[in-house]
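> Make a model of this:
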Amino acid sequence: MGKLSITINGSEVKNIYPAVTIGVSAAASGDDVIFFVLPSGLPAFVKGKFEELNEAAEKLPDLIEMIEGLKMLKARFLICELGFEVHGLKEEDLIEGIEVVGATTFVAEAQGSELTFSF
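All right, here's what the predicted structure looks like:
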């Protein structure tokens, strides 16, 4: 069992789908998976946004199902605390199962990762 860290630096289909797809593959293989969502990726994790992304990428797998699968496989979603003020959002605006942290926490949690991806 390995460890994989993925940063998400955007809230568009081109940022979210590759990150989630690689995360699902790794988690299904038994790896520990940590996502760190940078401020520019935060809007994708607002309630209702995944439905919009699904519509924009209708030929891709269902994003909501993949996220739920990741949660069941114990993948962690860490959101950078700096994004809230930038986007005028509050923690309660986000989907469930998200941890709000600083970058220092992600760096500590990502130590020992065999692979790191950024989208």
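> Can you check which helix is longest in this protein?
helix 13-28 (DSSP state H).
> Parallel or antiparallel, list what pairs with the following helix or strand past that helix.
Counting by DSSP states H and E, the next helix or strand C-terminal to helix 13-28 is strand 32-37. Strand partners for strand 32-37, identified by DSSP bridges, are recorded as strand 3-8 (parallel), strand 76-80 (parallel).
> As JSON lines, the ones you listed with distance to Leu38 would be great.
Every C-beta, even on glycine, is put in place using the N, C-alpha and C of the backbone. Output for those, formatted as JSON lines (distance: least, C-beta to C-beta, whole Å):
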{"stretch": "strand 3-8", "distance to Leu38": "6"}
{"stretch": "strand 76-80", "distance to Leu38": "5"}
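> of those strands, which approaches Val86 most closely?
Closest to Val86 of the strands paired with strand 32-37 is strand 76-80 (C-beta to C-beta; 9.6 Å).
> How far away from the center of its chain is stretch 73-92?
Offset of stretch 73-92 from its chain centre (C-alpha atoms, centre = their mean, to the nearest Å): 10 Å.
> Name the surrounding residues that touch it.
23-24, 27-28, 32-43, 45-46, 70, 94, 97-103, 105-106, 109 (C-beta atoms under 8 Å, 6 or more residues apart in numbering).
> Thr116 against Ile6, yeah?
Yes: if you go by C-beta atoms under 8 Å, Thr116 and Ile6 touch, sitting 7.3 Å apart.
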